[in-house]
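>>> fold the following.
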Amino acid sequence: MVLVSGGLLIQGSEEFYPEEQPVREVAVGDLWIDIHTVTNAEFRRFVKDTGHVTVAEQPPDSADFPDADPEGLVPGSLVFTPTAGPVPLDDWKRWWRWQPGADWRHPEGPDSTLNGRDQHPVVHVAHDDAAAYAEWAGKRLPTEAEWEYAARGGLVHARYPWGDEFMPRGRAMANTWHGDFPWRNELPKKHGMTTPVGSYPANGYGLVDVSGNVWEWTASPWSVSHADGGAEAVLTSSCCAPAARTESTQFVTKGGSHLCAPNYCHRYRPAARQGQTIRSSTGHLGFRCAANP
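Predicted coordinates for the structure are as follows:
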């Protein structure tokens, strides 16, 4: 972890999406925050020590899906599948699929493994899973304001954690989608779609992967704009993540992911935000922890 001295956050942006508005000033106190998202190796130690069973490893409650075939209510999670070519971008079901047997140990489904991915961020974790890990580690999830303040790395009004230019001198600064989403990605990966934590430069506070790689859970309830002051809002669908399958309670996620692309979802920025329901788990959603000084 690194200790980030508190200060005044200029939160949000008026450049991109309405949920990032209005721009406001928020006081943030000193906090410790993880340098990187929790990795598969770290989450494995937690599970070994506690016997924790993630949401994705449990069958969905039939009460939440009264119209579903009971035989289909099996443990699983949402997995991204690139399309064979260009498709309309108005329906996430073209590239997301419900995959029985997908969970943090099997990111693409029951036949996949974590071989070579110990230092990749853990994925397919719901909000309860992230909160349980944080408690076990003697930490907590950061609030939305804390996360954004730390992700900015000391830069005020900058578009990205490193400045205003997406690829300074042609250099890729984060694991995002390069090419035409959802079928052509020009950024090569060795194992799956995520990359090992710290594969790209750190921000001004020494934090890595605050842009791209995986979305990150926070402790803040979702609101449709900053004007709502953090009040919970009704379930909404967002660009990168499918509308959730279960409870409507949502929390803010930050940072964007490897699926964010300029032609579809420009959310790999500190100001960007979206809501996810508490039992949502996908192949591009993880977390990092914080702690009080």
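>>> C-alpha from now on. contacts and neighbour counts both.
Will do.
>>> quick one: strands adjacent to the longest strand seen in the chain?
Once the chain is assigned using DSSP state E, the strand that runs over the most residues is strand 215-221. According to DSSP bridges, strand 215-221 forms sheet pairs with strand 250-254 (antiparallel), strand 285-286 (parallel).
>>> check what contacts stretch 5-18 and list those residues.
20-31, 145, 148-149, 156-157, 225-226, 266, 271-272 (C-alpha atoms under 8 Å, 6 or more residues apart in numbering).
>>> quick one, which of these are buried?
20-21, 23, 28, 31, 145, 148-149, 157, 225-226, 266, 271-272 (16 or more other C-alpha atoms under 10 Å).
>>> could you pull out the helices for the chain?
40-50, 127-136, 144-152 (DSSP state H).
>>> what segments of the chain are strands?
2-4, 7-11, 24-28, 31-33, 76-80, 96-100, 215-221, 250-254, 274-277, 285-286, 290-291.
>>> reformat those strands as JSON lines; add mean pLDDT.
Compiled in JSON lines, these are given as follows (pLDDT from 0 to 100):
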{"stretch": "strand 2-4", "mean pLDDT": "98"}
{"stretch": "strand 7-11", "mean pLDDT": "97"}
{"stretch": "strand 24-28", "mean pLDDT": "96"}
{"stretch": "strand 31-33", "mean pLDDT": "98"}
{"stretch": "strand 76-80", "mean pLDDT": "96"}
{"stretch": "strand 96-100", "mean pLDDT": "94"}
{"stretch": "strand 215-221", "mean pLDDT": "97"}
{"stretch": "strand 250-254", "mean pLDDT": "97"}
{"stretch": "strand 274-277", "mean pLDDT": "94"}
{"stretch": "strand 285-286", "mean pLDDT": "98"}
{"stretch": "strand 290-291", "mean pLDDT": "98"}
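>>> and of the helices of the chain, who's closest to residue 166?
Among the helices of the chain, the nearest to residue 166 by C-alpha to C-alpha is helix 144-152 (14.4 Å).
>>> other residues contacting that closest one?
4, 9, 11, 26, 28, 31, 33, 158, 160-162, 203-205, 207, 210, 218-220, 252-254, 270-271.
>>> just the buried ones from these, in PyMOL syntax?
To isolate the buried ones among the contacts of helix 144-152 in PyMOL, judged by 16+ other C-alpha under 10 Å, type:
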select buried, resi 4+9+11+28+31+33+158+160+161+162+203+205+207+210+218+219+220+252+253+254+270+271
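>>> redo the strands of the chain as TSV? Include distance to residue 132.
Below are these laid out as TSV (distance: least, C-alpha to C-alpha, whole Å):
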stretch	distance to residue 132
strand 2-4	21
strand 7-11	28
strand 24-28	24
strand 31-33	17
strand 76-80	19
strand 96-100	23
strand 215-221	12
strand 250-254	15
strand 274-277	16
strand 285-286	13
strand 290-291	13
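>>> quick revisit: for the helices of the chain, give me JSON lines that also has mean pLDDT.
Formatted as JSON lines, the helices of the chain follow (pLDDT from 0 to 100):
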{"stretch": "helix 40-50", "mean pLDDT": "98"}
{"stretch": "helix 127-136", "mean pLDDT": "98"}
{"stretch": "helix 144-152", "mean pLDDT": "98"}
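>>> just checking, residue 227 touches residue 25?
No. Contact criterion C-alpha atoms under 8 Å: residue 227 and residue 25 do not qualify, at 11.7 Å.
>>> quick one, what contacts the most centrally placed residue in the chain?
Central residue of the chain (C-alpha atoms, centre = their mean): residue 215, 1.2 Å from the mean position. Listed by C-alpha under 8 Å, 6+ apart, the contact partners of residue 215 are 253-257, 284-287.
>>> now with 10 Å?
37, 123, 209, 240-241, 252-260, 267-268, 273-274, 282-288 (C-alpha atoms under 10 Å, 6 or more residues apart in numbering).
>>> what of residue 166?
159-160, 172-174, 268-269 are the contacts of residue 166 under C-alpha under 10 Å, 6+ apart.
>>> most neighbours among these, which one?
residue 268 (32 neighbours; other C-alpha atoms under 10 Å).
>>> against residue 200, how distant is that one?
14 Å (C-alpha to C-alpha, to the nearest Å).
>>> shared neighbours, the two?
Joint contacts of residue 268 and residue 200 (C-alpha under 10 Å, 6+ apart) are 174-175, 209, 211, 213.
>>> from those residues, which is closest to residue 106?
Nearest to residue 106 among the shared contacts of residue 268 and residue 200, with distances taken as C-alpha to C-alpha, is residue 213, at 17.5 Å.
>>> returning to what we had before: which pair of the buried ones among the contacts of stretch 5-18 spans the longest distance?
Top of the distance list for these (C-alpha to C-alpha): 31 and 266, 27.8 Å.
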